[in-house]
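Quick check, what structure comes out for this input:
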Amino acid sequence: MTRFRHAFERLLETIVLVLMVLLALVVVSGVLFRKVGAPLVWYDEVASILLAWLTYYGACLAALRRAHIGYPALVESVSSGLRWPLIAIREVVVIGFVTLAAWTGWQVVAVLDGFYLTSLPWMSRQITQSVIPVSGVLFIVAELLSVAELVSVAEVKQGPAPAAVGEEVS
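You can find the predicted model right below:
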């Protein structure tokens, strides 16, 4: 499981890094071309899409590292007997929400069949919106891997759940 988690983390890091580099290149190119009086017609649309993709895939990486939205102070304030139920409720809610978002994203992708970007008419909108269901599945995998790691760390320590949900487990 550790090898799979490590490979999964490297995959997400690579995706996020590539998206960051591409976004930087697009933004710098857009500025330079606009400065010389030859603006790129596709710049705004592509930069917006890359930023959205970076946000979705970055959220997956954050979920894997348990650095995404969390309330450590809330978990720390309750007794150790309530921590595991709170963690379980959190996971059910998060995975349920992301499952719904991924399913809805899949429906959006299906509806967009035959639609193309305005500035790049050869680029299907299905490709641009595929980030929703794809990152949804990746987010769920990340959540399950991080929970498995959380449980194994707690078992090794022979104690209650770690103090903070949202805390990076390394």
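
for this protein, longest helix please?
helix 2-35 (DSSP state H).

after that helix, next one along is what?
Downstream of helix 2-35, the next assigned helix or strand under DSSP states H and E is helix 43-64.

one step back: list the buried residues of the longest helix of the chain.
For helix 2-35, the neighbour count (16 or more other C-beta atoms under 10 Å) marks R5, F8, E9, L12, I15, V16, L19, L23, V26, G30 as buried. Glycine gets a C-beta too; all of them are placed from N, C-alpha and C.

Tell me which helix or strand in this structure has the weakest average pLDDT.
helix 72-77 (a mean of 73; mean pLDDT, DSSP states H and E).

mind checking how far the helix or strand just after that helix is from the chain centre?
Using DSSP H and E, the next helix or strand after helix 72-77 towards the C-terminus is helix 80-111. Between the centre of helix 80-111 and the centre of its chain there are 13 Å (C-alpha atoms, centre = their mean, to the nearest Å).

which helices and strands does helix 80-111 pack with?
Counting contacts by 3 or more C-beta pairs under 8 Å, 6 or more residues apart in numbering; DSSP states H and E, helix 80-111 packs against helix 72-77, helix 125-129, helix 131-157.

how about the first one: buried residues?
So that's helix 72-77. V75.

Could you do the second one as well?
With burial defined by 16+ other C-beta under 10 Å, the residues of helix 125-129 counted as buried are R125, Q126, T128, Q129.

quick one: pLDDT of R83?
Looking at R83, its pLDDT is 80.

nope, T99 is what I was after
Reported pLDDT for T99: 98.

Spatially nearest residue to it (excluding sequence neighbours)?
I140 (6.6 Å; C-beta to C-beta, 6 or more residues apart in numbering).

and what of V46?
V46 sits nearest to V26 (C-beta to C-beta, 6+ apart), 5.6 Å away.

just G105 next, same as before
Distances taken as C-beta to C-beta, 6+ apart place I132 nearest to G105, at 2.7 Å, with adjacent residues excluded.

Below-threshold pLDDT in the chain: ranges please.
Under the criterion pLDDT under 70, the flagged ranges of the chain are 71-72, 153-170.

hmm, try it at 90
1-2, 66-88, 90, 147-170 (pLDDT under 90).

how near is the residue nearest to V46 to W42?
Remark: distance between V26 and W42 (C-beta to C-beta, to the nearest Å) = 9 Å.

Equivalent analysis for A101, please.
Taken as C-beta to C-beta, the span from A101 to W42 is 27 Å.
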